[in-house]
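Predicted model follows, preceded by the sequence.
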Amino acid sequence: MHRSPDSAATQPNYPVVVTLAAGAIFLSILDATVANLAVTDMHDSFPDASVTDLTWVISLYAIVFASFLAPAGRLADVLGRRRLYVVGMGLFTVTSLLCAVAPDLPTLLIARALQGLGAAAMIPASLAVVLADVEPRRRAAAIGLWSAAASAAAAAGPSLGGILIDTVGWRSVFFVNIPLGIALLVGIRAVRGSAPSGQGLPDVLGTMLLAAGTGLVVLGVTQGPEWTWDDPRVLGCLAGGLVLLALTLVRARRHPRPALQIRLWRSRVFALANLVSFFFGAALYAWLLVGALWLVDVWHYSRIEAGLSMSPGAVLSAVVAVLVGRSLSRRSPRLVVFCGAMTLVVAGLWLGLTLSSQPALWSMWVPVGLLAGAGIGAVSTGVSSAAALSVEPLDFAGATGLNMAVRQIGGALGIAALAAILPAQTSAEPGPYSHVVFFCCATVAVAGLLGLGLAKRRERPTADTGRPAAQAVATGTVGGKGGDL
């Protein structure tokens, strides 16, 4: 890695760096879920659009975000971490404004796709800021807070979205990004610039193949109920998407700068962490959306009531994520991930078996939300830590980006599965909603069982210090004496 041209400068203030990094990942993940409750409200603005069409406001962001997370990790070196942060945050902020003022659905969908692209750039840039601009003794704690911000955003999205939509309208969920984005863009000036590496861009064709393949698979799953599963369009989307994804993997094996760093999958633990993330992502995003739809469409809660009803779980998720992050240095992530997943399964079974058209906020909904929040916080932080510890220190950023990309792809397919399970017209019957919840239980149970294979990589001495690699990450001696990443 190249050292910053001003590496001798005083390191930025710790709270500033953590706020910049956590703020970027919080906004990125938040916008994957904050629009969930907006779907029903958007129908008033776009009456000609079907529910399936409107779910693409959620799915399209997730697809683009997932597709570009992995290759964006290379851009932190090509452009420099601060420059990539500015580009990603700037694009995200501008497209948030475009989403907020979109006059029609096609404009909104284009803006959401570009917003997902900006969010994908922000993730590796924010992680590079943490690794390069936090003093070594505080780096592990900063990474824990960075991970906790992602977990908190995923859980808090529906709550915040409900409050904003009910008080101001669906466009407010995008307007709120603008002042936050501007504040973070101003704050990033406190971070030292880094010299670009001079390397070429990651494989552009491979990136396009990845995005197109993922999009076709999700399109086929989403449109299956409407087009019928034996329709040539559905079969063509599924088959074509799988072929493109296979071509992406083949190309990644041969390209010097692949869109996917598949060599990281040679680590058994990292490969398992990716599988856990995929199934967990499918369960997480479907769970958050079905809960929001149930509260609004069946219990007829206002959106602010729905948001507040989901807040206790979101708060507990953030607390658990922070506690888990602090404790993982002393215990294996396998039990954290397994226990978190089983907690979410218990919450899902409780919810799915007791769903009724009669509201049961305190006797059922809040306790279920607290259980689910604890499980989400544990699994999210546990699997991210396992992925990081399973690779060499210099691959940490790439591994984290790839692991998050897999989770987002799983999330996009989870949303597509929800659209396929729920009827096109709003129903007050709990059956279809229970089926979505049981889908979440099944997928998170698979994630938990796979999580039993996770363990800390046996630490190997680094070449230059003779100390364990994981310790070298914590002390900042890998790749130079605390130089730029």
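Sure thing, it's come through.

Report the secondary structure state of the closest residue to Ala212 other than its chain neighbours.
In space, and not counting its chain neighbours, Ala212 is closest to Leu244: 5.3 Å by C-beta to C-beta, 6 or more residues apart in numbering. Bear in mind the C-beta positions are built from the backbone N, C-alpha and C, glycine included. Under DSSP: H, G, I helix; E, B strand; the rest coil, Leu244 falls in the helix class.

what's near enough to touch Leu244?
209-210, 212-213, 216 (C-beta atoms under 8 Å, 6 or more residues apart in numbering).

try 7 Å
Applying C-beta atoms under 7 Å, 6 or more residues apart in numbering, we find Leu244 in contact with 209, 212-213, 216.

now do Ala259
70-71, 202-203, 206-207, 210, 248, 252.

what about 10 Å?
Contact analysis of Ala259 by C-beta atoms under 10 Å, 6 or more residues apart in numbering lists 67-68, 70-72, 74, 202-211, 248-249, 251-252.

Please apply the same query to Leu105.
Leu105 sits in contact with 42, 45-46, 48-49, 53-54, 56-57, where contact means C-beta under 10 Å, 6+ apart.

May I ask which of the contacts of Leu244 has the most neighbours?
Leu209 (24 neighbours; other C-beta atoms under 10 Å).

wait, that residue sits on Asp203?
Yes: between Leu209 and Asp203 there is a contact at 8.9 Å, judged by C-beta atoms under 10 Å.

Find residues that contact each of the two.
248, 251-252, 259-260.

from those, which ones fall inside helices?
Members of those lying in helices (criterion: DSSP state H): 248, 251-252.

With distance to Gly291 as added columns, please give the residues you listed in CSV.
As requested, these are exported to CSV (distance: C-beta to C-beta, whole Å):
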residue, distance to Gly291
Thr248, 33
Arg251, 39
Ala252, 36
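
picking that back up, just the buried ones among the contacts of Ala259, please.
67-68, 70-72, 74, 202-203, 206-207, 209-211, 248-249, 251-252 (16 or more other C-beta atoms under 10 Å).

Take those and keep only those in helices.
67-68, 70-72, 74, 206-207, 209-211, 248-249, 251-252.

from those, which two are the most distant?
For those, the maximum inter-member distance is 18.6 Å, found between Ala72 and Leu249 (C-beta to C-beta).

gap between the residue lying closest to Ala120 once chain neighbours are set aside and Trp170?
When the adjacent residues along the chain are set aside, Ala120 lies closest to Phe68, with 3.8 Å between them (C-beta to C-beta, 6+ apart). Computed as C-beta to C-beta, to the nearest Å, the Phe68 to Trp170 distance reads 25 Å.

Who are the contact partners of Leu361?
Per C-beta under 10 Å, 6+ apart, neighbours of Leu361: 295, 299, 301, 305, 308-309, 367, 369.

swap the cut-off to 8 Å and go again
Leu361 touches Ser309, counting by C-beta under 8 Å, 6+ apart.

Can you list the helices and strands that the helix or strand that contains Pro432 packs against?
Per DSSP states H and E, Pro432 falls inside helix 430-451. Here helix 430-451 touches helix 268-297, helix 333-354, helix 366-389, helix 396-421, going by 3 or more C-beta pairs under 8 Å, 6 or more residues apart in numbering; DSSP states H and E.

Need those in TSV (columns: distance to Leu30).
Listed next are the helices and strands packed on helix 430-451 as TSV, based on distance: least, C-beta to C-beta, whole Å:
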stretch	distance to Leu30
helix 268-297	12
helix 333-354	20
helix 366-389	14
helix 396-421	13
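
now those helices as JSON lines including mean pLDDT?
JSON lines is the format used below for these (pLDDT from 0 to 100):
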{"stretch": "helix 268-297", "mean pLDDT": "90"}
{"stretch": "helix 333-354", "mean pLDDT": "94"}
{"stretch": "helix 366-389", "mean pLDDT": "87"}
{"stretch": "helix 396-421", "mean pLDDT": "79"}
